[in-house]
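Novice: sequence and predicted structure, then a few things I'm wondering about:
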Amino acid sequence: MEKYSVIILITILQSSIFIASEQPEYIPRDNITLNCGAPIDLLANAGRSWAPEFPVPNSNTLSLLLQARNSFVSTSIRCPMNNMVDPRPFSLSKLIQRGRYWFSREICLNMKDNEVLDLVFTPSSSASNDTYAFNNGIENVSMPTNLYYTLPDSTYVPFVGQNYPFLVKNDTIIEMAYRLNVGAKPISHKDDTGLFRNSSNDYFYMTKNNYVTVNTSMLINYTMIPRYTAPEMVYQTTQAMGPSLAYNEKHNLSWRLPMGSGFRYMVRLHFCEPQDLVNSLGDQKFKVFINSQTAKQNADVIVWTVQGKVLIFKDYVVLVSKEYITIHANYYDVILNGIQVFKLSNSNGNLGKPNLELQVHNHLRIRPILQVKNPRREAC
């Protein structure tokens, strides 16, 4: 019998106003948290209240769907016998080793005013009809309109390997694949900028770990991007290759991310130049390569931000056919603060079935190559 458990995070868009670095933490208009199947409200560790989605009926024969959803804070589940389930106790400990295991799916979609959101969970097809689907919790959080979608008056996102840019329209459904805080610990949703996002550590995705972690408590500037784009901790830590130019010329900074093939992905790279020694145009120029193709020629963070300690991100859309993404950089010192990867739905709004037309392309490979004019830079 196949069993599935999932926490769904649905982010709904809303408009917002950004006023440089003075903007306070983002406050979503809608912030709904449902503890599916629970009889009463649950106060989570981060202080968020999770409410039951509907009152539990007064019955000793709760359905499998209802009882299974009671497992939000538990590592195992037992269901009473009835005409919907196999008459044996069901326990997650039979499927995995003992411990606290969970996973979630974070989906972003555009909803119009007064539009109804329908969530349907359908079991996988089975000849014996012995499969079922259930979920433990649902979050519904509104978000800024153009956090991930292309701004109407902005330039389109570079489409790597194509001779035309890409428009991430607001009717595109986006699934978060990776959100990595480079060079530092994971960031909990309680430390986010009001959008309740979790960021993972990048350590287990690096192909090598002989690099320098740069930590800084510098005051950073949000004049180029909205404050809700990412928490400050993302930009205050980074991975660097270190001060040895001879070593760096023969090595690279690399991450390997398993992916689902047959889709377009948007890769967002976060940068913040923390060093005072890199403060002029051309001090640190680099190229961004994806799938051995140039995504950005002569990129320069100081050109983008005018000065150091200013936050910036750059987006690239790529086609992925193999089941992983490789991001790496070589030549001289390299600094990267954060990595986000988003799966983009096909033209029919599908995130589940790959588009066979996209599978003719190579796997994603991102390689920023840096050329440093001022080699005095040192890693902290």
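Specialist: Yep, that arrived. Residues are numbered from 1 along each chain as shown.
Novice: report how many residues lie close to the residue lying closest to residue 272 once chain neighbours are set aside.
Specialist: Closest residue in space to residue 272, ignoring its immediate chain neighbours: residue 235 at 4.0 Å, by Cβ to Cβ, 6 or more residues apart in numbering. C-beta here means a position set from N, CA and C on the backbone, and glycine is covered the same way. Residue 235 has 28 neighbours, counted by other Cβ atoms under 10 Å.
Novice: now do the contacts for residue 235.
Specialist: Neighbour list for residue 235: 220, 270, 272, 311, 337, 338 [criterion: Cβ atoms under 8 Å, 6 or more residues apart in numbering].
Novice: kindly report the same for residue 352.
Specialist: If you count contacts by Cβ under 8 Å, 6+ apart, then residue 352 has nothing around it.
Novice: distance of it from residue 157?
Specialist: For residue 352, the distance to residue 157 equals 23 Å [Cβ to Cβ, to the nearest Å].
Novice: dump the residue contacts of the residue nearest to residue 181 when sequence neighbours are not counted.
Specialist: For residue 181, ignoring the flanking residues on the chain, the nearest one in space by Cβ to Cβ, 6+ apart is residue 199 at 4.3 Å. By Cβ under 8 Å, 6+ apart, residue 199 lies in contact with 179, 180, 181, 186, 187, 192, 231, 234, 338.
Novice: can you check residue 351 too?
Specialist: So residue 351 contacts 107, 173, 175, 263, 343, 345 (Cβ under 8 Å, 6+ apart).
Novice: please, a PyMOL command that selects the buried ones among the residues you listed?
Specialist: Buried subset of the contacts of residue 351, written as a PyMOL selection, criterion 16 or more other Cβ atoms under 10 Å:
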select buried, resi 107+175+263+343+345
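Novice: of the contacts of residue 351, closest to residue 300?
Specialist: residue 343 (29.7 Å; Cβ to Cβ).
Novice: does the nearest residue to the closest one once chain neighbours are set aside count as helix, strand or coil?
Specialist: Leaving aside its sequence neighbours, residue 343 sits nearest to residue 175 (Cβ to Cβ, 6+ apart; 4.4 Å). Three-state call for residue 175 (DSSP: H, G, I helix; E, B strand; the rest coil): strand.
Novice: where in the stretch 51-200 of the chain is pLDDT low?
Specialist: 54-101, 124-134 (pLDDT under 70).
Novice: so, low pLDDT: which residues of the stretch 251-380 of the chain?
Specialist: In the stretch 251-380 of the chain, residues with pLDDT under 70: 251-253, 290-292, 322-334, 353-380.
Novice: let me see the domain layout of the chain.
Specialist: 1-145, 147-372 (automatic domain parsing).
Novice: now do the spatially closest residue to residue 171 that is not a sequence neighbour against residue 181, distance only.
Specialist: Among residues not flanking residue 171 along the chain, residue 110 sits closest, at 6.2 Å (Cβ to Cβ, 6+ apart). Going from residue 110 to residue 181 by Cβ to Cβ gives 27 Å.
Novice: compare the two (neighbour count), which wins?
Specialist: More crowded of residue 110 and residue 181, by other Cβ under 10 Å: residue 181, with 25 against 16.
Novice: who does the residue nearest to residue 343 form a beta bridge with?
Specialist: residue 107, residue 343 (DSSP bridges).
Novice: for it, which residues are in contact?
Specialist: 105, 106, 107, 108, 342, 343, 345, 351.
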